[in-house]
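Q: Compute the structure for the input listed below.
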Amino acid sequence: MEAIVYEEFGGPEVLRHATGVAVPEPGPGEVRVKVAAVGLNPVDWKRRYGWVEEFYPTTFPAVPGLEFAGTVDALGEGVTDLAVGDEVLGWTKTGAYAEYAIAGTVAPKPAGLSWEAAASLPVAGETAQRVLDLIGVREGETLFLHGAAGVVGSVAVQLAVAAGITVVGSASESNHAYLRELGAIPVAYGDGLADRVRAAAPDGVDAVFDAAGHGVLPVAIELLGGEGTADKNRIATIAATDAAEFGITFSGVTGAPDAVRRGLTAQARLAAEGTLTVRLADTLPLKEAARAQESSESGHVRGKLVLIP
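A: Next up is the predicted model:
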């Protein structure tokens, strides 16, 4: 089969487009899927560099990619809740940058949802909901979301607004109109960020979700009252790898499979109805995975990159 593989940590140049890669076989309780679309995530190139081994240990040769949409192709022993031909979306155990993969946690793909949209949802949807739950933000409260126009951030904005939460979201000025469309109050990045958030939320901020990093954790602590006063349980990051130095949670591991499956099923239904959207930046053939990861790493992509095997 066709797949992207890498055999050492490094830059985009370590990714190799290969043919003749062995097709994985499903074991007991597993299913194999024929991949129709792959969602590219920043964690893909962070894994390629070896930066997140604590959460995603690598065995070489490795196939990148966490999330996919595709069709069940083969069933392992004991699988009774899925059938060959079922259209699903979710996570893989063997890497998604391939024609075939062994599925991990999956949910049914609604008929009205495109392959590209389906493949864009699992990581962003699960991450957004996990962090919102972790920091305990609830109806009537105000959330500061740093990096609100990114893929995870934009999904989190939509979920929070739908739950009755006021969202102040940081983004570059070119994305402010987009955030307003999603229901957030936009503020610009850069020096003076804390003052701009306070101006947008004069009654204060109850929780902080950092989806972008770039040294914002001291600002988050300041917004919640300052060092020694802030409730750091109400701050979480998915981007700042130095979070422990500030006593803040870095959330990088998915939740329990049953809960994740239920959440993804509900979010896929919302996406098919058009009430939850992920902005698509570009769709590229699988063989251009190195270029796609390089674009993601540049930080200038507006929306989701999707690969098609």
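Q: give me every residue that touches the closest residue to Trp51 other than its chain neighbours.
A: Among residues not flanking Trp51 along the chain, Thr241 sits closest, at 7.1 Å (Cβ to Cβ, 6 or more residues apart in numbering). C-betas here are computed from N, CA, C, even on glycine. For Thr241, the contact set (Cβ atoms under 8 Å, 6 or more residues apart in numbering) comprises 51, 213, 250.
Q: what's Thr241 sitting at in phi/psi?
A: phi -70, psi -10 (degrees, to the nearest 10).
Q: Check the gap between it and Gly190 for me.
A: Distance, Thr241 to Gly190, using Cβ to Cβ, to the nearest Å: 21 Å.
Q: and if you look at Lys93?
A: Going from Lys93 to Gly190 by Cβ to Cβ gives 41 Å.
Q: what helices or strands is the longest helix along the chain leaning on?
A: Secondary structure of the chain per DSSP state H: the longest helix is helix 257-273. Under the contact definition 3 or more Cβ pairs under 8 Å, 6 or more residues apart in numbering; DSSP states H and E, helix 257-273 sits against strand 87-92, strand 100-108, helix 115-119, helix 122-135.
Q: partners of the next helix or strand after the longest one, with directions?
A: So that's helix 122-135. Next helix or strand after helix 122-135 toward the C-terminus (DSSP states H and E): strand 142-146. Using DSSP bridges, the strands paired with strand 142-146 in its sheet are strand 166-171 (parallel), strand 207-210 (parallel).
Q: out of the ones you listed, which comes closest to Pro257?
A: Proximity to Pro257 (Cβ to Cβ) singles out strand 207-210 among the strands paired with strand 142-146, at 23.4 Å.
Q: And the helix or strand just after the closest one, what's buried?
A: Note on strand 207-210: by DSSP H and E, the next helix or strand toward the C-terminus is helix 217-223. By 16 or more other Cβ atoms under 10 Å, the buried positions in helix 217-223 come out as 217, 219-223.
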